[in-house]
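Student: have a look; sequence and predicted model below, questions after that.
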Amino acid sequence: MPATESPVYTAKVSVTGGREGHAISDDGRLDLSLTRPGAAGTGTNPEQLFAAGYAACFQSAMGSVARQRGVDVSKSVIESSVSLYRGEGSFYLGVTMRVSIPGLALDEIQDLVDAAHQVCPYSNATRGNIDVSFEVAN
């Protein structure tokens, strides 16, 4: 990305306390407690936030591709799973997204998923860094 390019949007969030802390955005729209995965408490965790963000972004990218092709994906559902793995000396993530679009054939859904995966900012950010897989259903 060229250094002179202006961002379309910049999210700013402050976190205190890490996985057992609190996150708040500069505009106050995000204001939530954080809890470690599996721990007691009412907070969310970074993996859930990443799963929600990636699924929302991917669904929008898929909608954009579908509109260009004249396809209706308004009833699509994306179930995003972000897994935290323990490796040798570190942790890493893996993502599986199940994409369901009622009324479309599986090969049409797969074609939309493949095209959206090329334009989605989250897909572009994760490509080559973490395993991302897709399952399609109708």
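Tutor: Structure received.
Student: model confidence for N124, exactly?
Tutor: According to the prediction, N124 has pLDDT 97.
Student: quick one: the helices in this structure?
Tutor: For the chain, the helices identified by DSSP state H occupy 46-69, 106-119, 121-126, in order along the chain.
Student: just list the residues touching the residue sitting nearest the centre point of the chain, thanks.
Tutor: The central residue of the chain, meaning the one whose C-alpha is nearest the mean C-alpha position (Cα atoms, centre = their mean), is Y54 at 0.8 Å. When contacts are counted by Cβ atoms under 8 Å, 6 or more residues apart in numbering, Y54 is found next to 80, 82, 95, 97, 122, 126. C-beta coordinates here come from the backbone N, C-alpha and C atoms, glycine included.
Student: just to revisit the earlier point, how about the helices of the chain in a markdown table, adding distance to T16?
Tutor: Below are the helices of the chain laid out as a markdown table (distance: least, Cβ to Cβ, whole Å):
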| stretch | distance to T16 |
| --- | --- |
| helix 46-69 | 14 |
| helix 106-119 | 35 |
| helix 121-126 | 25 |
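Student: nearest to E135 among the contacts of Y54?
Tutor: Nearest to E135, judged by Cβ to Cβ, of the contacts of Y54 is M97 at 7.3 Å.
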